[in-house]
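Provided below for reference: sequence and predicted model.
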Amino acid sequence: MSIFKGAGVALVTPMKEDQEINFEKLEEIIDDQIAGGTDAIIIAGTTGEAATMTEEEHLEVIRACVKYTNHRIPVVAGTGSNCTKTAVYLSQEAEKAGVDGLLVVTPYYNKATQHGLIAHYTEIAESVKTPVIMYNVPGRTGCNLLPETVAYLFRNVENIVGLKEATGNMAQASKTMDLTDGKLDLYSGEDGLVLPMLAIGAIGVISVWSNVAPTDVHHLCQSFFDGDLETARKLQRKGLPLIDALFSEVSPIPVKKAMNLMGMEVGPLRRPLEEMSPEGTRRMIEALQTYGLQMMPD
């Protein structure tokens, strides 16, 4: 059984002005996501700024999310690292917290070989019982999890069940599905490719877009599952200008700006990320207005 099907939100981590984690606001945005129809919360991933958290902060956010969500929808925790030992520790602690799944990014900076990736993922997955979704985003990590490697891991490690595919390479994604006989739980990691990925067998998306428009992203996926392709196409096309704005600077800079413009008060970013540029902010305001999302008055 899949961890989730449909729209999973790659949730931001709200911060106070002193850049400490705002746990009260985290609860608010979890409630907003659930009310908006989101099918799963993905906590402490790239969008959640996990790379700038201490290990204890990382785990505090996961524990808080699991406790507050309280089984209303699944929670998937980002527990990847460029150090296998660290990823094992984070995964084991997230499992103790009661997460429904683990999202494990490929090692970054190290640039592991395919054999190294097999060893890395095998050790992590075998250290826990929780299902694991691999995360392939070579644009950030410099490391590409090839279809043959995904297929090997899927076939040989029992609790490796899925892949968040964020290469933007539809041919690679199609080959991955072919080599896993269409049985891999594939999730789009690109908001602009949700519908094409569903068409080749994906069962959902792990979405930045969902932070600002959860109902639409859920409805896009559900429309596809229901066979209403026209609605799914309309929602994907409607989202494209906003998605472009959400990725016009390094994520999660734009999505936090969008949420703050909408009055969600998710606070600042942690360095080395900086606030969105004036030109980027102007573009974001236009995109939000065109999409029909309400913003707070100046």
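Structure received.

Just the helices from this protein, written as ranges.
23-35, 55-69, 84-97, 114-126, 138-141, 147-156, 170-179, 194-199, 214-225, 229-246, 253-261, 278-291 (DSSP state H).

Where among those is average confidence lowest?
Per-stretch averages of pLDDT across those put helix 138-141 at the bottom, with a mean of 94.

So which bits of it are buried?
138, 141 (16 or more other CB atoms under 10 Å). For glycine as for every other residue, the C-beta is placed from the backbone atoms N, C-alpha and C.

And the contacts of it?
When contacts are taken as CB atoms under 8 Å, 6 or more residues apart in numbering, the neighbours of helix 138-141 outside the stretch itself are 46, 105-109, 111, 144-145, 166-168.

repeat that with 7 Å
Helix 138-141 is touched from outside by 46, 105-106, 108, 144, 167, with contacts defined as CB atoms under 7 Å, 6 or more residues apart in numbering.

and the two most separated of those residues?
Of all pairs drawn from the contacts of helix 138-141, the widest gap by CB to CB lies between 46 and 144 and measures 16.4 Å.

Among the contacts of helix 138-141, which lie within strands?
residue 105 (DSSP state E).

Of the contacts of helix 138-141, select the buried ones using a ChimeraX command.
A single ChimeraX command selects the buried members of these (16+ other CB under 10 Å):
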select :46,105,106,108,144,167
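
contacting residues for residue 16?
Residues 22, 267 are the ones in contact with residue 16 under the rule CB under 7 Å, 6+ apart.

Quick check: the gap between it and residue 23.
Shown here: residue 16 relative to residue 23, a distance of 10 Å by CB to CB, to the nearest Å.

again, but for residue 56
Computed as CB to CB, the residue 56 to residue 23 distance reads 14 Å.

Which one's more surrounded, those two?
Set residue 56 next to residue 23 and count neighbours by other CB atoms under 10 Å: residue 23 wins out with 15 against 9.

can you pull the contacts of that one?
The contact partners of residue 23, by CB under 7 Å, 6+ apart, come to residue 64.

gap between it and residue 169?
38 Å.

And residue 194, by the same measure?
Remark: distance between residue 194 and residue 169 (CB to CB) = 15 Å.

Tell me which of the two has more neighbours.
For residue 194 against residue 169, the residue with the higher neighbour count under other CB under 10 Å is residue 194, and the figures read 27 against 17.

Contacts only, for the more buried one.
By CB under 7 Å, 6+ apart, the contact set of residue 194 is 188, 205, 220, 236.

if we go to 8 Å?
With CB under 8 Å, 6+ apart as the criterion, the residues that contact residue 194 are 188, 202, 205, 207, 217, 220-221, 236.

can you check residue 239 too?
So, once contact is read as CB under 8 Å, 6+ apart, residue 239 ends up touching 191-192, 209, 213, 216-217, 220, 291.

Residue 21: how many residues sit nearby?
19.

Please apply the same query to residue 54.
Neighbours of residue 54 under the rule other CB under 10 Å: 8.

how far away is it from residue 274?
For residue 54, the distance to residue 274 equals 21 Å [CB to CB].

and what of residue 139?
Residue 139 is 20 Å from residue 274, by CB to CB.

Residue 208 too?
Note on residue 208: its distance to residue 274, by CB to CB, is 18 Å.

Can you pick out the residue with more neighbours from those two?
Counted by other CB under 10 Å, residue 208 and residue 274 do not tie: residue 208 has more neighbours, with 26 against 11.
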